[in-house]
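In: I'd like to go over a predicted model; first the sequence, then the structure.
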Amino acid sequence: TLGVSIKESCMNHYAVFGHPVSHSLSPRIHAAFGRQLGISLDYTTIEATPDAFPQALDAFVTAGGKGANVTLPLKEAAFALCASTSERAQRAGAVNTLIRNDGQWRGDNTDGIGLVRDLTGRLSLDLRGRRALLLGAGGSARGVAPALLDAGVSELIIVNRTAERADALADALGDPQRAHSRYWDDAGAEGDYALIVNATSASRDGTTEFTLPFQLANSRTLAVDLNYGEAAIPFLAWARAANCRDVVDGLGMLVEQAAASFELWHGVRPDTAPVYATLRDKDAALVTAD
């Protein structure tokens, strides 16, 4: 009887892994989705460094974990731990969603579809034909880069402080006609961009200022930060100072990628609009589009 009750109590156990992760809004989002659809679940945050992540994930499984989200800096490590991965995770080389299946982890990546759904669906922005600059080449950048190409950007220039990682991401995308890497300091060598996406974690590390040449942007540029809340403020401040026409943080993407993960786990997609509106209204620190 005790074994049955423990098993039942763990039937809907989920978590988000990251470092740091205490700030994450994912527990609030998934709890709201569960209430909306009448699905009982337990969703928590689990702090894990890259070295400790495999052991933390094993402990999560032992406790009855059925699925998990993965955030910085663990997305590439999560990919390596999966027995199988979806096509979009393979293209990204990074995983943000883990699904327990027959005693093994299957990995997927909902970051890209979350970003595109937020920009094209919620905000009615057209990405087709835009020349795009992607800042960063880590797990978050890897998650969104394939989706940006699929959404129809005309060119995707990837820059990273470590040039080799930008080169590796450009090569992995397998689209040499549109996807190219550049040194960080050479980002503005070829003119301005109609889309700039910040996928770096600089602001999470305490950086209070984001410095890039203003000539990267023009009056029609869409500037997007994959971060949200205080972590997004430095880049978005730069984008406004550069007179970008549309300035967007990562809150909408967060809600949309969470909905895609929720659907993978539970087989039903929640309505994201009320959850997004509640989060936006409750936290004045979250920066929205102008």
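Out: Nice, I can see it. Numbers count the residues shown, from 1 in each chain.
In: look up how far residue 115 lies from residue 81.
Out: Going from residue 81 to residue 115 by Cβ to Cβ, to the nearest Å gives 24 Å. Every C-beta, even on glycine, is put in place using the N, C-alpha and C of the backbone.
In: neighbour count: the two, which is higher?
Out: residue 115 (28 against 17; other Cβ atoms under 10 Å).
In: thought that one was touching residue 147?
Out: Yes - the pair residue 115 and residue 147 passes the contact test of Cβ atoms under 8 Å, sitting 6.2 Å apart.
In: show me what contacts the residue nearest to residue 88 when sequence neighbours are not counted?
Out: Nearest non-adjacent residue to residue 88, counting by Cβ to Cβ, 6 or more residues apart in numbering: residue 109, 5.2 Å away. The contact partners of residue 109, by Cβ atoms under 8 Å, 6 or more residues apart in numbering, come to 75, 86, 88, 89, 92, 94, 95, 96, 97, 142, 143.
In: mind checking pLDDT for the first one?
Out: Model confidence at residue 75, given as pLDDT, is 96.
In: count the neighbours of the nearest residue to it once chain neighbours are set aside for me.
Out: Sequence neighbours aside, residue 139 is the residue nearest to residue 75 in space, at 2.8 Å (criterion: Cβ to Cβ, 6+ apart). Residues lying near residue 139 (other Cβ under 10 Å) number 26.
In: from residue 201, how far off is residue 139?
Out: Residue 139 is 10 Å from residue 201, by Cβ to Cβ.
In: cool, and residue 168?
Out: Applying Cβ to Cβ, the value for residue 168 to residue 201 is 18 Å.
In: try residue 175
Out: Separation of residue 175 from residue 201 (Cβ to Cβ) stands at 25 Å.
In: same thing with residue 90?
Out: Distance of residue 90 to residue 201, given as Cβ to Cβ: 23 Å.
In: next: residue 212.
Out: 16 Å.
In: likewise for residue 254?
Out: Taking Cβ to Cβ as the measure, residue 254 falls 15 Å from residue 201.
In: of the two, who's got more company?
Out: Taking other Cβ under 10 Å, residue 254 and residue 201 do not tie; residue 254 has more neighbours (26 against 17).
In: can I assume residue 193 is in contact with residue 133?
Out: Yes - the criterion here is Cβ under 8 Å, and residue 193 meets it with residue 133 at 4.3 Å.
In: find residues that contact each of these two.
Out: 157, 216.
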